[in-house]
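In: no sequence for this one, just the structure:
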């Protein structure tokens with residue numbers, strides 16, 4: 001589908017959106033930065049976390065999603081370590 005050069009996509013922000021998920025949604029605009037653009041929309045709970053007395057920028061959103069990714073990694077690291085140890089013990093059993 002060919003879209004007009006000045007088209008804009010809506011990207012939604014939800015709780016625990018990581019950088020990878022955000023970029024996957026944005027990158028679907030093939031000509032992003034060359035006429036195409038994105039607009040961010042947030043659920044009220046996310047919007048309340050990010051908005052204060054100033055206008056939220058794209059950099060703010062990227063920083064927030066990177067922080068969410070770090071938090072996700074920290075929470076999942078013990079499970080990944082356990083999974084790796086389980087795999088190693090099963091591998092050695094064979």
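Out: Now that the structure is in, tell me what you want to look at. Worth saying up front: this structure is predicted, and the values here are computed from it rather than measured. Numbers count the residues shown, from 1 in each chain.
In: How about residues contacting stretch 5-17?
Out: 22, 25-26, 28-29, 31, 34-43, 45-46, 61, 65, 68, 71-72 (CB atoms under 8 Å, 6 or more residues apart in numbering). Yep, even glycine has a C-beta here, placed from its N, CA and C like the rest.
In: Of the residues you listed, keep whichever come out buried.
Out: Taking 16 or more other CB atoms under 10 Å as the criterion, what is buried in the contacts of stretch 5-17 is 22, 25-26, 29, 36, 38, 40, 42, 46, 61, 65, 68.
In: what's the farthest-apart pair in the residues you listed?
Out: Using CB to CB, the buried ones among the contacts of stretch 5-17 reach their maximum pairwise distance at 36 and 68, which is 25.0 Å.
In: returning to what we had before: would CSV of the buried ones among the contacts of stretch 5-17 with distance to residue 7 and pLDDT be doable?
Out: CSV is the format used below for the buried ones among the contacts of stretch 5-17 (distance: CB to CB, whole Å; pLDDT from 0 to 100):
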residue, distance to residue 7, pLDDT
22, 19, 85
25, 15, 78
26, 13, 81
29, 8, 71
36, 6, 82
38, 10, 85
40, 16, 86
42, 21, 82
46, 25, 72
61, 20, 85
65, 23, 88
68, 28, 87
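In: Neighbours of residue 8, how many?
Out: Residue 8: 12 surrounding residues under other CB atoms under 10 Å.
In: Now it. Its backbone dihedrals?
Out: Residue 8 has phi and psi values of phi -130, psi 140 when expressed as degrees, to the nearest 10.
In: cool, residue 36 as well?
Out: Torsion angles at residue 36 (phi, psi; degrees, to the nearest 10) stand at phi -80, psi 150.
In: Nearest residue to it in space, please, no chain neighbours.
Out: Among residues not flanking residue 36 along the chain, residue 29 sits closest, at 4.5 Å (CB to CB, 6 or more residues apart in numbering).
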